[in-house]
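Visitor: Need the 3D shape of this:
(one chain, ligands or ions: 1)
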Amino acid sequence: MGSTGILITVEECPKCGIKLKRSFQDGDYVGKEGGICDFCGSKMYVKMIYLEPAPTRR
Ligand SMILES: [Zn+2]
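Guide: Residues are numbered from 1 along each chain as shown. Here you go, the predicted structure:
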């Protein structure tokens, strides 16, 4: 089996630019509405989704 990674979803607040990394959840897509920004209370949006390599033993 090859090594897999972890899908990470990055949400961004359009107002203050805060980015929030969290684990990917089923149904996530770029542009989807996310959570509420802790700083300004605006709605955050999914900015990007990427695959983060899983930690591997050396
Ligand atoms: Zn904000």
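
Visitor: And the strands in this protein?
Guide: With DSSP state E, the ranges of strands along the chain come out as 5-12, 19-23, 33-36, 43-53.

Visitor: Can I get those strands in CSV including mean neighbour count, mean pLDDT and distance to the ion?
Guide: Bear in mind the C-beta positions are built from the backbone N, C-alpha and C, glycine included. Shown next, in CSV, are those (neighbours: other CB atoms under 10 Å; pLDDT from 0 to 100; distance: least, CB to the ion, whole Å):
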stretch, mean neighbour count, mean pLDDT, distance to the ion
strand 5-12, 16, 96, 9
strand 19-23, 12, 96, 10
strand 33-36, 13, 96, 9
strand 43-53, 14, 96, 7
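
Visitor: For Ser42, which non-adjacent residue is closest in space?
Guide: Distances taken as CB to CB, 6 or more residues apart in numbering place Lys15 nearest to Ser42, at 4.4 Å, with adjacent residues excluded.

Visitor: er, Phe24 I mean
Guide: Excluding the flanking residues, the one nearest Phe24 by CB to CB, 6+ apart is Leu7, at 3.4 Å.

Visitor: How about the contacts made by that neighbour?
Guide: Shown in contact with Leu7 (CB atoms under 8 Å, 6 or more residues apart in numbering): Ser23, Phe24, Ile49, Tyr50, Leu51, Glu52.

Visitor: Looks like the fourth one contacts Ser23 (just checking).
Guide: When you say that, I think you mean Tyr50. No: Tyr50 is beyond contact range of Ser23, at 11.8 Å (criterion: CB atoms under 8 Å).
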